[in-house]
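Colleague: Give me the fold of what follows.
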Amino acid sequence: MNAIQSFFDYFTNNTDQIGTLLLEHLQLTVFAVSLAVLLGVPLGILILRVPRLAKPILGLTSVVQAVPSLALLGFLIPFIGIGSTPAIIMVVLYSLLPIVKNTYTGLSSIPGDTLESAKGIGLTDRQILSKIQLPLALPIIMAGIRISAVTAVGLMTISAFVGAGGLGYLVFAGIQTVDNNQILAGAIPAGLLALLIDFIVSRIEYKVAPNGIVLADGRMKKKTRRSAKKVTKPLIVIATAFALLLAGSIYAFTREDDTIVVGSKNFTEQLILGNMVADLIEDKTDLDVKRQLNLGGTQVAFSALRTGEIDTYVEYTGTLFVDVLKQEVENDPDVVYDKVVTQVQERFDIRTLDPIGFNNTYAIAVKQEDVDTYDLKTVSDLAAVSDELVFGPTIEFSNREDGYLGLKEAYPFNFQDVKPVDGGLRYTALMNNESNAIDSFSTDGLLKRFDLTVLEDDKQFFPPYYAVPIVSEETLAEHPELADVLNLLSGKITDETMQELNYLADVEKQRPEKVARDFLIEEGLIEE
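Modeller: Numbers count the residues shown, from 1 in each chain. Okay, here's the model as predicted:
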């Protein structure tokens, strides 16, 4: 009962955010499914008319279905950027197969003598298609559309990975912070939305189907004496609502001039910092600000900055030095910062501003019981007994040179197994005894929540990760005042302060935007 009450309390306290994300999710889904229908039905008709195209088109749409959705998004980002566009393209591609296949199957299954009779009374091919084939094939076509529409709701939750918004924002954020209430607040409305869309599409199917035809769910469309006005009135209402959603989607997906887009990566600290940056710009300038937060990892966020999808976000000097510039690990913070400032500007036309103050370096964390059992104090101590233990890093850490790839060269690790998982799931795995050690951030509030011990990096492998705002030079050329505004954060946040801010969001369950705003007000950086 406590868990249920806790969920209802969370839902009640965050209804405004959940409602906004639900509307975004609905707009994205409607827009994507509409495009899929506009593409899929004509393709189904095309391969019926040109049979030699059937195999390659159906084969291609089947292959797309087999590609993991995150992999498809990762492929699209370098070419299209972030935001709603790659998310919509992904859902459209995944939605095509059932629509194309069902359109083709429905049209090709109409008896030949029916078509011959239609030709015999003088109907043209176009008339046969519109008056005979499409009405008779409609139940099968609509079944494909229903499958695509319901699937699209679930797929669209992944759109949060590229900053498109929607209910996936809550799911991703909940996973990062090990917050089941937040996960359910995204998942339950998404499930209800899928049921609602399925119901609406089924009603459309029933309304537009010819009398006497058997629908895909086994119902028969009964003959009715209702006037055409009564029949079409519900369709007009549905079509109007549909058109308004599409219009709202198009408006929502456009970027206005003089709007500064602030990004962030997909963990609590980044959400707090992203909101700080956005609040400062809103308070100190007359510019409009759009928050494009909770993007995927470094590659997603930095790519978005390079392509102009966002204008600024907070990055870390060590990440820029090793992961972006591909330099060898360096431990001197001044050397790292100076090289980052120079080379990031030269190579990417992006300016690195003043450090915010704290150093969020990587850390290796273990539970207290393992500290006691194996007498662990340093990372070298962990390496000495690693053959008895399982390492559970994040997926990104396991593939970075300043992460596990370089760490295992500095320390003689020989873990029983390495099980990469994403975000806050590594904490869940650790507490469920599915792993014994994880990577963490030195300012992570979850360290305090789970009472974990950070091992000393006795070989000083990890480079410095001082937080710095980075801004595209193109944006600064248009709005040079932004540099002074963002540098107001210079030296304002210590390691201890950042960990406390993360704790407020991760453990006390304050929303990141509130944590950010309260800090800025307390420091006198913005007015209440």
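Colleague: Wait, residue 406 touches residue 461, no?
Modeller: Yes: at 6.8 Å, residue 406 counts as touching residue 461 under the criterion of Cβ atoms under 8 Å. Bear in mind the C-beta positions are built from the backbone N, C-alpha and C, glycine included.
Colleague: Against residue 364, how distant is residue 129?
Modeller: Residue 129 is 65 Å from residue 364, where distance means Cβ to Cβ, to the nearest Å.
Colleague: go on, residue 400?
Modeller: Taking Cβ to Cβ, one finds residue 400 at 14 Å from residue 364.
Colleague: Comparing these two, which residue is more hemmed in?
Modeller: Each of residue 400 and residue 364 has its neighbours counted (other Cβ atoms under 10 Å); residue 364 has more, 25 against 21.
Colleague: for the closest residue to the more buried one other than its chain neighbours, helix, strand, or coil?
Modeller: Excluding its sequence neighbours, the residue lying closest to residue 364 (Cβ to Cβ, 6 or more residues apart in numbering) is residue 455, at 4.8 Å. Under DSSP: H, G, I helix; E, B strand; the rest coil, residue 455 falls in the strand class.
Colleague: my guess is residue 455 contacts residue 376, does it?
Modeller: Yes: with contacts counted by Cβ under 8 Å, residue 455 reaches residue 376, the gap being 6.1 Å.
Colleague: and for these two, which residues touch both?
Modeller: In terms of Cβ atoms under 8 Å, 6 or more residues apart in numbering, residue 455 and residue 376 are both contacted by the residues 366, 382.
Colleague: which of these two has more neighbours?
Modeller: Comparing residue 455 with residue 376 by other Cβ under 10 Å, the one with more neighbours is residue 376, at 24 against 20.
Colleague: Over to that one. Which of the three states is it?
Modeller: Per three-state DSSP, residue 376 ends up coil.
Colleague: next structured bit after the helix or strand of the chain with the lowest mean pLDDT?
Modeller: Across the helices and strands of the chain, the lowest-confidence element by mean pLDDT, DSSP states H and E is helix 228-252, at a mean of 50. Sequence-wise, the next helix or strand downstream of helix 228-252 (DSSP states H and E) is strand 259-263.
Colleague: Just the buried residues of whichever helix or strand comes after that following strand, please?
Modeller: Once strand 259-263 ends, the next helix or strand along the chain (criterion: DSSP H and E) is helix 268-284. By neighbour count on 16 or more other Cβ atoms under 10 Å, the buried set for helix 268-284 is 268-284.
Colleague: partners of the helix or strand just after helix 268-284 in the sheet?
Modeller: From helix 268-284 onward toward the C-terminus, using DSSP H and E, the following helix or strand is strand 288-292. Strand 288-292 has its sheet partners listed here by DSSP bridges as strand 259-263 (parallel).
Colleague: Just the C-alpha atoms of the strand it pairs with, please, in CSV.
Modeller: The C-alpha trace of strand 259-263 is given here as CSV (Å, rounded to 0.1, in the frame of the first residue of the first chain):
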residue,chain,number,x,y,z
THR,A,259,15.4,31.1,-29.4
ILE,A,260,18.4,29.7,-27.5
VAL,A,261,18.2,25.9,-27.2
VAL,A,262,19.8,24.6,-24.1
GLY,A,263,20.7,20.9,-24.0
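Colleague: That strand vs helix 268-284, what angle?
Modeller: 160 degrees (axes from the mean of the first three to the mean of the last three Cα atoms, to 10 degrees).
Colleague: do you know how far residue 72 is from residue 13?
Modeller: For residue 72, the distance to residue 13 - Cβ to Cβ - is 35 Å.
Colleague: Same drill for these two, tell me which one is more crowded.
Modeller: Comparing residue 72 with residue 13 by other Cβ under 10 Å, the one with more neighbours is residue 72, at 17 against 13.
Colleague: The more buried one is in contact with residue 92, isn't it?
Modeller: No: the pair residue 72 / residue 92 is not scored as a contact, 11.0 Å apart, by Cβ under 8 Å.
Colleague: Please give the number of neighbouring residues around residue 465.
Modeller: Residue 465 has 25 nearby residues by other Cβ under 10 Å.
Colleague: What average pLDDT does the top helix by length along the chain get?
Modeller: Longest helix of the chain, by residue count under DSSP state H: helix 15-49. What helix 15-49 shows for mean pLDDT is 90.
Colleague: Tell me which helix or strand comes right after that helix.
Modeller: Taking DSSP H and E, what comes next after helix 15-49 is helix 54-66.
Colleague: Report the buried residues of that next one.
Modeller: 54, 57-58, 61, 64.
Colleague: How about stretch 488-507?
Modeller: So stretch 488-507, judged by 16+ other Cβ under 10 Å, has buried residues 488-489, 493, 498-507.
Colleague: Surely residue 402 is in contact with residue 317?
Modeller: No: contact between residue 402 and residue 317 fails when scored by Cβ under 8 Å: they sit 11.1 Å apart.
Colleague: Those two: who's more crowded?
Modeller: residue 317 (26 against 23).
Colleague: does residue 99 really touch residue 40, like I thought?
Modeller: Yes: using Cβ under 8 Å, residue 99 is in contact with residue 40, at 3.1 Å.
Colleague: what do the two both touch?
Modeller: By Cβ under 8 Å, 6+ apart, the residues touching both residue 99 and residue 40 are 144, 148.
Colleague: Common neighbours of residue 406 and residue 461, please.
Modeller: What both residue 406 and residue 461 touch, as defined by Cβ under 8 Å, 6+ apart, is the set residue 329.
Colleague: Quick check: which element contains the closest residue to residue 411 other than its chain neighbours?
Modeller: Nearest residue to residue 411, sequence neighbours excluded (Cβ to Cβ, 6+ apart): residue 383, at 4.2 Å. In this structure, residue 383 is located in helix 379-384 according to DSSP H and E.
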